[in-house]
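Engineer: Have a look at this prediction, sequence included:
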Amino acid sequence: MGQIPLFGLGYVLLALGLSLDVLLHKDRPVSAVLWLGILWIVPYAGALAYLAFGMDRVRRGARERQMARTLLSRTAHLGPGLARHVLEVPSESRLAAPDRLGWHILRGTDPAVPGHRVLVGNEARLLVDGDEFYPALREAIEGAHHTIHLQTFIFAVDRTGQEFRDLLARRAAEGVTVRLLYDRFGSATAHVTRFFEPARRCGVRVHSISQANPLKGRFQINLRNHRKVAVMDGHVAFVGGINIADGNVAAFTDGQPIRDYHVRIEGPAVADIQLGFLEDWYFASREPPEELFGPDSVPEFHRAGEALIQVVPGGPESAGRGLADAFFAAIVAAEESIDLTTPYFVPDQPIIRA
């Protein structure tokens, strides 16, 4: 009989501790009430559910990323003259009416947040589906002289995946520094089957991102890293939504590939894209920051085009609301129409009200 009160007392203490965490870290009242109910109505199972899905471990991840950002900024050779490419946003009164939409979007994010600066002199080219993206990526990888950085959510074990794995392996064997970062959940098949071992043996540095790692104090399994980024020599970058998989190629899908987009970028904005990759890489690998940047990692930047680009990091660990604020500002500033293209439309209350 004495074991039952002890069992109950143990859970009461656990539930009290987790309830305090809920009250301190849950910003939305509905979410807080829901988790409090689960903790007290479903003994132990509720606590396990909160540890796995509800506990806010993103804040610690944010601190780790901020540390990485600070270390990298101290050791990065960003090339002389990058500052001259940073746009000084003028006052609204100095702009013509057609330019005011862009002004509101730029003002919708905080330029004090790292990565929110606006850089001029870029060239950007839209790539539709894998049939346009993969040849451009292949060409950039073949043309790299110093570094190749590739990050993806899904790296499939199929023809497309094998082609790019072998290409990265060959370039590493030729002396290029190659870093490959993938999400362990999105690329689960590749991870379990040790698909990247041939590339590792050729010198490719491979790491995975996993939010669930009890050995490192990470239990939240519902957070993934969906970024798809590639940077070659710090000079050419690709960002977008296309993974590495046969499903993005018309020839492998009976002419019905997954509809998605990537953007090829040259110019000063590549520096901020590079920094975003290296923050994620440091988070996964703990490779010393001074080794991540060499003198040739980021070249001296010259004007590559006329595009203004602002690289805004997104995700729960990012400083501020960042991307959400940019979307909000664009929607509020629109005068005639709003066009959205997204595979997942789950807007929060500010976006709905906008």
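Structural biologist: That came in fine, so what should we check first?
Engineer: What's the first helix or strand after the helix or strand where residue 40 lies?
Structural biologist: Assigned by DSSP states H and E, residue 40 belongs to helix 29-41. Sequence order places helix 45-49 as the next helix or strand after helix 29-41, per DSSP H and E.
Engineer: Quick one: list the elements packing against that following helix.
Structural biologist: Judged by 3 or more C-beta pairs under 8 Å, 6 or more residues apart in numbering; DSSP states H and E, the packing partners of helix 45-49 are helix 3-25, helix 29-41. Backbone N, C-alpha and C define where each C-beta goes, glycine included.
Engineer: What residues of it count as buried?
Structural biologist: Neighbour counts over helix 45-49 (16 or more other C-beta atoms under 10 Å) mark 46-47 as buried.
Engineer: Then stretch 125-132?
Structural biologist: 127, 129-130, 132.
Engineer: Pull the most distant pair out of those.
Structural biologist: Spanning the widest gap among the buried residues of stretch 125-132 are 127 and 130, at 8.9 Å by C-beta to C-beta.
Engineer: so residue 274 makes contact with residue 233?
Structural biologist: No. Using C-beta atoms under 8 Å, residue 274 is not in contact with residue 233, being 9.7 Å away.
Engineer: Which parts of the stretch 101-250 of the chain are helices?
Structural biologist: Along the stretch 101-250 of the chain, counting by DSSP state H, counting those that start in this stretch, helices occupy 129-143, 159-173, 188-192, 197-201.
Engineer: Now render the ones you listed as a markdown table, adding mean pLDDT.
Structural biologist: What follows is the helices of the stretch 101-250 of the chain, written out as a markdown table (pLDDT from 0 to 100):
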| stretch | mean pLDDT |
| --- | --- |
| helix 129-143 | 98 |
| helix 159-173 | 98 |
| helix 188-192 | 95 |
| helix 197-201 | 98 |
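Engineer: what's the closest of the ones you listed to residue 307?
Structural biologist: Closest of these to residue 307 is helix 129-143, at 16.7 Å (criterion: C-beta to C-beta).
Engineer: and the angle from the closest one to helix 159-173?
Structural biologist: 10 degrees (axes from the mean of the first three to the mean of the last three C-alpha atoms, to 10 degrees).
Engineer: can you give me the strands in the stretch 201-350 of the chain?
Structural biologist: Using DSSP state E, counting those that start in this stretch, the strands of the stretch 201-350 of the chain run over residues 205-209, 228-232, 236-240, 261-266, 307-310.
Engineer: What residues of the longest one count as buried?
Structural biologist: The neighbour-count criterion (16+ other C-beta under 10 Å) identifies 262-266 as the buried residues of strand 261-266.
Engineer: do the same with the first one
Structural biologist: If you call a residue buried by 16+ other C-beta under 10 Å, then strand 205-209 has these buried ones: 205-209.
Engineer: Tell me which strands it pairs with, and in which orientation.
Structural biologist: Strand pairing for strand 205-209, using DSSP bridges, gives strand 177-183 (parallel).
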